[in-house]
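below is the sequence, then the predicted model.
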Amino acid sequence: MTLNKFQFEFCERVLKGKLSSSPPNLKKYTPREQAARLSIYRNNIFSSLIEVLANTYPATKNIIGATLFKHTAKQFIESHPPQNAIMLTYGAGFDNHIANYPPTQQLPYLSHLAELEFAHHQAYYAKDVESLAPAFFAGLDIDALSNSVITPHPSAALIDAPYAIYSLWQHALEHPTPPEQLDQQVAESVLIVRPQYSINSYLLSLPQHRFLQQLMQNKTIGQALNEAITLAESKQVEFNPAEAVQLLIASGLATNLDQI
């Protein structure tokens, strides 16, 4: 048996809980002793990976409680074991798992909350790139600014959900249950970005989200503003283009500006 095949079969037995049998070339024990030894090894692996997920999704854990989170994480680990030794990226897809896991489906906003938390986690470990300083924009005329496209910061992520995920996230980081007075059915959009040392999060209006979304899809600032204005008019909501551009500058979203 090759080493790769042995490792694969060993992992299958440990991750899937098939402890009563062992791959060839494993030291022989009595079935009872072997199952006990593998069970200890399995528990150590799962405990470590559950802790990794708990550190990545603290608000999600607070919302559903430690016991349900442990069971949810265990099911995720069994079907999505780590593919490499780098734990910084482990946990991708946990939001989809939550959306399809029956015990957590009673909280329809939970998968969106998990999506937001993973974006926050990724932003922390994103590549360090210097954002454009406000002084850079001050030297541009209106036409040059309008006809420019941005290069988004590597840490940037836009999260759009039909639930109040930003408000839930902020509350759940400090409290174990959702706030009683919060209308969870209010849609919220969030910008996550880490231009320097701290991760910043911004609650966005619908037109602001459309503006930033268009920018991150390589539209010019002028085109993005027009898209946001059109959306604001169709939804009959307020939108201030100057405030939107100021948000772009202050957030540090742009690392480069190209005129076209």
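Received it, and whenever you're ready, just let me know what you need. Residues are numbered from 1 along each chain as shown.

can you give the contact residues for stretch 116-128?
By C-beta atoms under 8 Å, 6 or more residues apart in numbering, the residues outside stretch 116-128 that reach it are 56-60, 88, 91-92, 94-95, 153-157, 159, 161, 165-166, 169, 190, 192-194, 199, 201. The way it works is simple: take the backbone N, C-alpha and C, and place the C-beta from them, glycine included.

what's the closest non-adjacent residue to Pro82?
Closest residue to Pro82 apart from its sequence neighbours, by C-beta to C-beta, 6 or more residues apart in numbering: Tyr90 at 5.3 Å.

coming back round to it: list only buried entries from the contacts of stretch 116-128.
Those of these that meet the buried threshold are 56-60, 91, 94-95, 153, 155-157, 159, 161, 165-166, 169, 190, 192-194, 199, 201, by 16 or more other C-beta atoms under 10 Å.

pLDDT below threshold where in the stretch 101-250 of the chain?
Within the stretch 101-250 of the chain, the set of residues satisfying pLDDT under 70 comprises 178.

and the strands in it?
148-152, 157-161, 188-193, 200-204 (DSSP state E, counting those that start in this stretch).

what lines up beside the longest one in the sheet?
When pairing is defined by DSSP bridges, strand 188-193 lines up against strand 157-161 (antiparallel), strand 200-204 (antiparallel).

could you export those strands as JSON lines, including distance to Phe211?
Listed next are those as JSON lines, based on distance: least, C-beta to C-beta, whole Å:
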{"stretch": "strand 157-161", "distance to Phe211": "10"}
{"stretch": "strand 200-204", "distance to Phe211": "9"}
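
now do the most centrally placed residue in the chain against Gln217, distance only.
Centroid-nearest residue in the chain: Phe118, 2.2 Å away (criterion: C-alpha atoms, centre = their mean). In this view, Phe118 and Gln217 are 21 Å apart by C-beta to C-beta, to the nearest Å.

then Ile165?
Counting by C-beta to C-beta, the gap from Ile165 to Gln217 is 22 Å.

and what of His80?
29 Å.

compare these two and say which is more crowded by neighbours.
In this view His80 and Gln217 are compared by other C-beta atoms under 10 Å, and His80 has more residues nearby, 16 against 12.
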